[in-house]
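>>> this one's structure only:
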Ligand SMILES: Cc1cc2nc3c(=O)[nH]c(=O)nc-3n(C[C@H](O)[C@H](O)[C@H](O)COP(=O)(O)OP(=O)(O)OC[C@H]3O[C@@H](n4cnc5c(N)ncnc54)[C@H](O)[C@@H]3O)c2cc1C
């Protein structure tokens, strides 16, 4: 009788759905969007994935990618290019599948920074600033979090802005600000001492009194250059105050959209975990057969795939609501909480499938596993997003 192992020797490398999109959500895109997504995937596979581990280990950002990403022309897919929210989401998932640090660079430059300008600047300011931002000639950062103000930064912004004539004088500190060690600009949110409201400013990082130092020794998103920023009497001309950023409600307009993007990152992270774990399970042999032939390993792969598809399905529906202009804050919050919780389970299963090699950084899975931790905590932690959803469900706020 033929041994079961022979059946496992099939070449499965060309099977469809090896990227985790098991229900073919991508088919919901238009032909043009599918083509653009395929181009981006091709670029990411050729240019990003092969160098990602090396830069992650060095804790450096691959600066040479910036002009290449600019050439790919993927900035502001919805606002500028008129694409669907589903395309924007799947694109972000693809960036994450290739490398979460590069995806986060884009999430900061395109999402948080450019999103702040698109949502909160005047038409005149947009016309002046956006062309260089879209062309990635000017790189941006987003400065909201502070050393003493994390989850409670909405009511706890300590950085101050004081208007003196035609100039705003900024003082304070920001923490965790992605891209800020090399960015040309950073949007700083600061509390106006006159009315106590949080306002937004486009700050040129070469201004006197501005300093950024890199946060070292991270175990997650090591290629992302996160900075501690200090602002000491930084003088910002009135022209650089974002015209529509006059209270924390305005900041929330940006965060509502970027929270969605982070949930899409959780999808991409799971796609990566599935792809890497599946490949390993098909090639690693123990007890004379590929480990993927074992029922328990198949159960684990199925669990990762189920988590990925469930997360994607939720995000696809949310993208439709977003395109109709009716997506609500609490829906984004639930999506961020749910997808990142599933992601944490998926990357742990993927890590386990690689056994000891799962903790060695040569194998990509270790990067996928640890990068998931940052996604779980930034853009509103799992707990805070859960509480935003909980407030909507019960009508009672468990946090203020
Ligand atoms: C890699 C990385 C990149 C980032 N990039 C940026 C950036 O570019 N710009 C920017 O402005 N910020 C950025 N952040 C900051 C990020 O948004 C904050 O880390 C996040 O909001 C959490 O704040 P905190 O780290 O100060 O944690 P804390 O707020 O101190 O929370 C610590 C723990 O307490 C929990 N907690 C707090 N309050 C409650 C409550 N009421 N009930 C239950 N649990 C609670 C939290 O969920 C968390 O588990 C980044 C962070 C990371 C890690």
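Now that the structure is in, tell me what you want to look at. Everything numeric here is computed off the predicted structure, so don't read it as measured data. Numbers count the residues shown, from 1 in each chain.

>>> buried set for stretch 354-369?
If you call a residue buried by 16 or more other CB atoms under 10 Å, then stretch 354-369 has these buried ones: 354, 358, 363-369. Yep, even glycine has a C-beta here, placed from its N, CA and C like the rest.

>>> ignore what I typed, I meant stretch 195-202.
198-202.

>>> wait, which of those is closest to residue 309?
Comparing those against residue 309 with CB to CB places residue 200 closest, at 37.9 Å.

>>> from the ligand, how far out is the closest one?
When distance is defined by CB to the nearest ligand atom, to the nearest Å, residue 200 is 12 Å away from the ligand.

>>> distance from the helix or strand in which that residue is found to the middle of the chain?
Using DSSP states H and E, the element containing residue 200 is strand 198-204. How far strand 198-204 lies from its chain's middle: 22 Å, per CA atoms, centre = their mean, to the nearest Å.

>>> pull the number of nearby residues for residue 155.
As a burial measure, residue 155 scores 10 neighbours (other CB atoms under 10 Å).

>>> where's it relative to the ligand, distance?
Distance check for residue 155 against the ligand: by CB to the nearest ligand atom, it reads 12 Å.

>>> how about that residue, what does it touch?
Counting by CB atoms under 8 Å, 6 or more residues apart in numbering, residue 155 touches 248, 400.

>>> need the three-state assignment for the residue of the stretch 51-200 of the chain found nearest the ligand.
Closest residue of the stretch 51-200 of the chain to the ligand, CB to the nearest ligand atom: residue 150 (1.8 Å). Here residue 150 takes the coil state, with states given by DSSP: H, G, I helix; E, B strand; the rest coil.

>>> which of the helices or strands spans residue 91?
Following DSSP H and E, one finds residue 91 within helix 85-98.

>>> residue 172 now?
Using DSSP H and E, residue 172 maps to strand 167-178.

>>> about what we covered before: the buried residues of stretch 195-202 into JSON lines, with extra columns for distance to residue 183?
Below are the buried residues of stretch 195-202 laid out as JSON lines (distance: CB to CB, whole Å):
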{"residue": "198", "distance to residue 183": "21"}
{"residue": "199", "distance to residue 183": "20"}
{"residue": "200", "distance to residue 183": "15"}
{"residue": "201", "distance to residue 183": "14"}
{"residue": "202", "distance to residue 183": "11"}
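
>>> and the closest residue to residue 112 other than its chain neighbours, what are its bridge partners?
In space, and not counting its chain neighbours, residue 112 is closest to residue 142: 3.5 Å by CB to CB, 6 or more residues apart in numbering. Residues in a beta bridge with residue 142, per DSSP bridges, are residue 187.
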